[in-house]
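Q: Sequence first, predicted model second:
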Amino acid sequence: MAPLEDSVTQTSQPDPPITPEIFQHLVRLAALALDDEEAEYLRGQLNKQLRAIRELASVDLPEGLPITSHGVPYPSETRPDLRRDEVKPSDKADAILEQVPEVEERFIVVPDISSTELE
């Protein structure tokens, strides 16, 4: 099997990777709490994902190729019908609500997401 680089059209100027400064800005925007090791690991993973996306985007596709949602043909004759959505009562609601820190009228209360002025 040929390496992926050989099977795609290479762009002349690759996009620069996400720098530590840009990543820290993204971390602040997302209100994440990461130590240095976690941040560097996630920045590396994000750069790998972006590189993979660029490689996929650079693959030449024939004009008129239909959009697919599945990697192999899956015609309606061979796939099962979708099941109907049915509401079914559960006897576990009380047990679940007993584990929640705050409940109001049987709804789970979640803290507000703080909004602050961002640079």
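A: On my side now, so go ahead.
Q: can you pull the contacts of the nearest residue to residue 101 once chain neighbours are set aside?
A: Using Cβ to Cβ, 6 or more residues apart in numbering and skipping the chain neighbours, the partner closest in space to residue 101 is residue 109 (7.9 Å). (Each C-beta comes from the backbone N, C-alpha and C, glycine too.) Neighbour list for residue 109: 100-103 [criterion: Cβ atoms under 8 Å, 6 or more residues apart in numbering].
Q: Would you format those as a markdown table with secondary structure included?
A: Shown next, in a markdown table, are the contacts of residue 109 (DSSP: H, G, I helix; E, B strand; the rest coil):
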| residue | secondary structure |
| --- | --- |
| 100 | coil |
| 101 | coil |
| 102 | coil |
| 103 | strand |
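Q: For residue 61, give its distance to residue 69.
A: Residue 61 is 16 Å from residue 69, where distance means Cβ to Cβ, to the nearest Å.
Q: Show me which pair in the contacts of residue 109 is furthest apart.
A: Farthest apart among those by Cβ to Cβ are 101 and 103. That separation is 8.4 Å.
Q: the more surrounded of those two?
A: Per other Cβ atoms under 10 Å, whichever of residue 101 and residue 103 has more neighbours is residue 103, with 12 against 8.
Q: isn't the more buried one right next to residue 97, touching?
A: Yes - contact criterion Cβ atoms under 8 Å: residue 103 and residue 97 qualify, at 5.4 Å.
Q: count of residues packed around residue 31?
A: Neighbour number of residue 31 under other Cβ under 10 Å is 11.
Q: who are the neighbours in contact with it?
A: Applying Cβ under 8 Å, 6+ apart to residue 31 gives the contacts 113-114.
Q: Could you pull out the helices in the protein for me?
A: Secondary structure of the chain, counting by DSSP state H: helices at 4-7, 20-29, 36-57, 93-97.
Q: All set, thanks.
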